[in-house]
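Novice: Have a look at this fold, sequence not included:
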């Protein structure tokens, strides 16, 4: 009973409900890796989208370049960075890999792009790249838009870098020209080009011509000065200090200080009225001096030989050939030759004569004989007939240099002249100095013929006679002359006593002069009285009246 009562007093317990668990239940713990995964994927996608292509640049050395530090700049804007540097398989250069920005790949990975390392440099144009002392070296790039248009959209990923910065970048407006020069002189890349002493361009490149006879110099004239380069422009070398010791003396020509230090080129227009701009890549000649550049064109010269049988000391190659002060050409060679017929040596002087410097005479002869390309013989033949000769004359007394003077000598002996000979030979005459030597030699010969011994004996006899005469004069004439001089001195002393101030003659003369003065005064008073009382001549003088 007790057990039943106890069991009946316990409360009823509900049965548990059993349910099946779900197959998947989301946990907030997984949210963190999911977010991290999404961020990582977005970063990867963003990096992939913002990553440009990789290009390879070949340099001779990797001086100043560092992986991850060296940047690539276009117009001072960073467009990439160096990612790798390695030596090429042939070990002749280094290969630099650079990662470009996506926005820069469209215009950098094209044909015509140029790369060079910007670092501190000391050159003719001055010091450049000083900013890299703090920021470090970087690779600069230049774009050639014209070549990119020609090449189209073809991408290029391998380039050959420049060892030096280009003299002119493609974004610089201006015009390129070519100069032909016999030699480079002191001109270098970066040398300035002047117009009216104002720098308007620079030398950008030079190379030897294909035949090796000339040097081709590339210059770049900046806009807007390129319009002053016309089809009639003349260029000359304005480098350094030009000292010319020639027939006319010492000539010193200097340009600006920059041209003296680094060399330079200047140009001017021979015809100011010609304003036609020269097209790009026009070829001009580079002359040695401004005088030569602005001179009128001389045309093709012809050879003219001169034969001298006397000394040509002082005559140098380059000496002028002048006609009455006007330069006709220059001496280009001097040789010693032997005449087998006359069995003697002579000096052969070879010259170049510019026929156009003869003016209208040359033009008329050329018009008459068009088949003859260089009618120098026809030009000189009538002149030689009328006494045209060549002669050596001193050009400078201090230096002793000589030049060839061509002029008419009316007393010159007639000679034969072949106008069709090749080369032409112009007859010569002895110079003034040689003539002076001949005259001195003739005078010496005449002096040798003078009988100086007989003249000396006669002169000695004459001197002995003169000595005898002088002795007689000293013994006879001199004492008499001394007596005469003493008598004259005594007479002069007496005259001096007679004319002295206290002499009786002077006292009598003074008294006489006083009396004459009184008489003259009385006559003057009488004249005055008669003028006022003319009746006194008849009636006499009236008695004096007493004053009232």
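Specialist: Structure's in. What do you need? Bear in mind the structure is a predicted one, so any value in this text is a computation, not a measurement. Residues are numbered from 1 along each chain as shown.
Novice: right, and residue 384 touches residue 415 too?
Specialist: Yes. Counting by Cβ atoms under 8 Å, residue 384 touches residue 415, with 7.2 Å between them. Placement of C-beta: from N, CA and C, glycine included.
Novice: of those two, who's got more company?
Specialist: The neighbour count for residue 384 versus residue 415, taken as other Cβ atoms under 10 Å, is higher for residue 384 (20 against 14).
Novice: mind checking the longest helix of this structure?
Specialist: Counting by DSSP state H, the longest helix found in the chain is helix 504-532.
Novice: on that earlier part again, list residues touching both of residue 384 and residue 415?
Specialist: residue 427 (Cβ atoms under 8 Å, 6 or more residues apart in numbering).
Novice: ok so, going back, in the following helix or strand past the longest helix of the chain, which residues are buried?
Specialist: Of the helices and strands lying after helix 504-532 in sequence (DSSP states H and E), the nearest is helix 536-539. Within helix 536-539, no residue is scored as buried using 16 or more other Cβ atoms under 10 Å.
Novice: If you count contacts, what does helix 536-539 end up packed against?
Specialist: helix 504-532 (3 or more Cβ pairs under 8 Å, 6 or more residues apart in numbering; DSSP states H and E).
Novice: For the helix it packs on, give the mean pLDDT please.
Specialist: Mean pLDDT, helix 504-532: 80.
Novice: in that helix, what's buried?
Specialist: In helix 504-532, counting by 16+ other Cβ under 10 Å, buried: nothing.
Novice: Kindly report the same for stretch 382-389.
Specialist: For stretch 382-389, the buried set under the neighbour-count rule, 16+ other Cβ under 10 Å, comprises 383-384, 387-389.
Novice: In the helix or strand hosting residue 42, which of the residues would be classed as buried?
Specialist: Using DSSP H and E, residue 42 maps to helix 31-50. Buried residues in helix 31-50, counted by 16+ other Cβ under 10 Å: none are found.
Novice: After that helix, which helix or strand is next?
Specialist: Immediately after helix 31-50, counting by DSSP H and E, sits strand 54-59.
Novice: Tell me which other helices or strands that next one touches.
Specialist: strand 94-100, strand 158-160.
Novice: who's in contact with the nearest residue to residue 288 once chain neighbours are set aside?
Specialist: Take residue 288 and drop its neighbours on the chain: the residue closest to it by Cβ to Cβ, 6 or more residues apart in numbering is residue 237, 5.9 Å away. Residues in contact with residue 237 (Cβ under 8 Å, 6+ apart) are 181, 185, 187, 263, 265, 286-289.
Novice: biggest strand in the protein by residues?
Specialist: strand 326-339 (DSSP state E).
Novice: Within its sheet, name the partner strands of the very next helix or strand once past it and how each one runs.
Specialist: Sequence order places strand 344-353 as the next helix or strand after strand 326-339, per DSSP H and E. The strands that strand 344-353 pairs with in its sheet are strand 302-308 (antiparallel), strand 326-339 (antiparallel) (by DSSP bridges).
Novice: Give me the mean pLDDT for the last one.
Specialist: Strand 326-339 shows a mean pLDDT of 89 in the predicted model.
Novice: Report how many residues lie close to residue 342.
Specialist: Residue 342 has 9 nearby residues by other Cβ under 10 Å.
Novice: what about it, distance to residue 533?
Specialist: Per Cβ to Cβ, to the nearest Å, residue 342 is found 121 Å from residue 533.
Novice: quick one: secondary structure of residue 171?
Specialist: coil (DSSP: H, G, I helix; E, B strand; the rest coil).
Novice: Can you report how many residues lie near it?
Specialist: Neighbours of residue 171 (other Cβ under 10 Å): 10.
Novice: Same question for residue 220.
Specialist: Residue 220: 19 neighbours (other Cβ under 10 Å).
Novice: Name the strands paired with the helix or strand hosting it and say parallel or antiparallel.
Specialist: For residue 220, the enclosing helix or strand under DSSP H and E is strand 215-222. Its sheet considered, strand 215-222 pairs with strand 174-181 (antiparallel), strand 198-208 (antiparallel) by DSSP bridges.
Novice: Please identify the deepest-packed of the ones you listed.
Specialist: strand 174-181 (a mean of 20; mean count of other Cβ atoms under 10 Å).
Novice: Now the element after that one, going C-ward?
Specialist: Going down the chain from strand 174-181, the next helix or strand is strand 192-195, by DSSP H and E.
Novice: gap between that next one and the chain center?
Specialist: 12 Å (Cα atoms, centre = their mean, to the nearest Å).
Novice: What's the mean pLDDT across stretch 278-294?
Specialist: When pLDDT is averaged over stretch 278-294, the result is 88.
Novice: Which residue comes closest to residue 265 once chain neighbours are left out?
Specialist: residue 193 (4.8 Å).
Novice: Pairing partners for the one you found in the sheet, please.
Specialist: Beta-bridge pairing for residue 193 (DSSP bridges): residue 201, residue 265.
Novice: Now do the contacts for it.
Specialist: Contacts of residue 193 by Cβ under 8 Å, 6+ apart are 199-203, 219, 221, 264-267.
Novice: now do residue 382
Specialist: By Cβ under 8 Å, 6+ apart, residue 382 has no neighbours at all.
Novice: Secondary structure element for it, which one?
Specialist: Going by DSSP H and E, residue 382 is in helix 376-385.
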